[in-house]
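> Model the following, please.
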Amino acid sequence: MASEKFSVYPAGVLALGFWREWLLRGSLSDRSSKCGKPNCHCANGEPHPSVYLLQSHDGKLRQICVPKAWQDRVRHAVSDYRELQRLLEEVSELEWKRLQERKS
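The predicted model follows:
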């Protein structure tokens, strides 16, 4: 019976370990800014790039600057969170339909 139940789920749900290591809810924002040093290249129009992770928490927006060394990892974590959320919605929809069929 258990194998019959799992057979209706998307392949990604069966292997929920698809993510790399982290899952992060939020959005990434690419920004650029000037540091204020008069002799820096950003003073002549080439600003410093940065990436921020934004997330709502307890009804408030919070943000954190992502260090360059972590940017790829954080991008994957945000992407993996969204993919897991999508898969869970798909499973929920399948279960909803299964419940409807039993009521009919």
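
> contacts, neighbours, all on C-alpha from now
Noted.

> so Glu21, which of the three states?
Three-state assignment for Glu21 (DSSP: H, G, I helix; E, B strand; the rest coil): coil.

> for the one 10 residues further on, same thing?
For Arg31, the reduced secondary structure class is strand; criterion used: three-state DSSP.

> pretty sure it contacts Cys65?
No: with contact defined as CA atoms under 8 Å, Arg31 and Cys65 do not form a contacting pair (9.9 Å).

> where exactly do the helices run in this protein?
2-6, 11-14, 71-103 (DSSP state H).

> Look up the residues that both of Arg31 and Cys65 are in contact with.
Common neighbours of Arg31 and Cys65 (criterion: CA atoms under 8 Å, 6 or more residues apart in numbering): 50-52.

> Pick out whichever of those sits closest to Leu61.
Nearest to Leu61 among the shared contacts of Arg31 and Cys65, counting by CA to CA, is Tyr52 at 12.1 Å.

> quick one: low-confidence ranges for the protein?
When residues are selected by pLDDT under 70, those of the chain lie in 1-20, 103-104.

> quick one, longest strand in it?
Taking DSSP state E as the criterion, the chain has its longest strand at strand 48-57.

> Give me the helices and strands touching that one, please.
Helices and strands touching strand 48-57, by 3 or more CA pairs under 8 Å, 6 or more residues apart in numbering; DSSP states H and E, are strand 27-33, strand 60-66.

> Return the distance of the first one from the chain's centre.
It stands for strand 27-33. Centre-to-centre, strand 27-33 and its host chain are 15 Å apart (CA atoms, centre = their mean, to the nearest Å).

> List the buried residues in it.
Buried residues in strand 27-33, counted by 16 or more other CA atoms under 10 Å: Leu28.

> partners of that strand, with directions?
strand 48-57 (antiparallel) (DSSP bridges).
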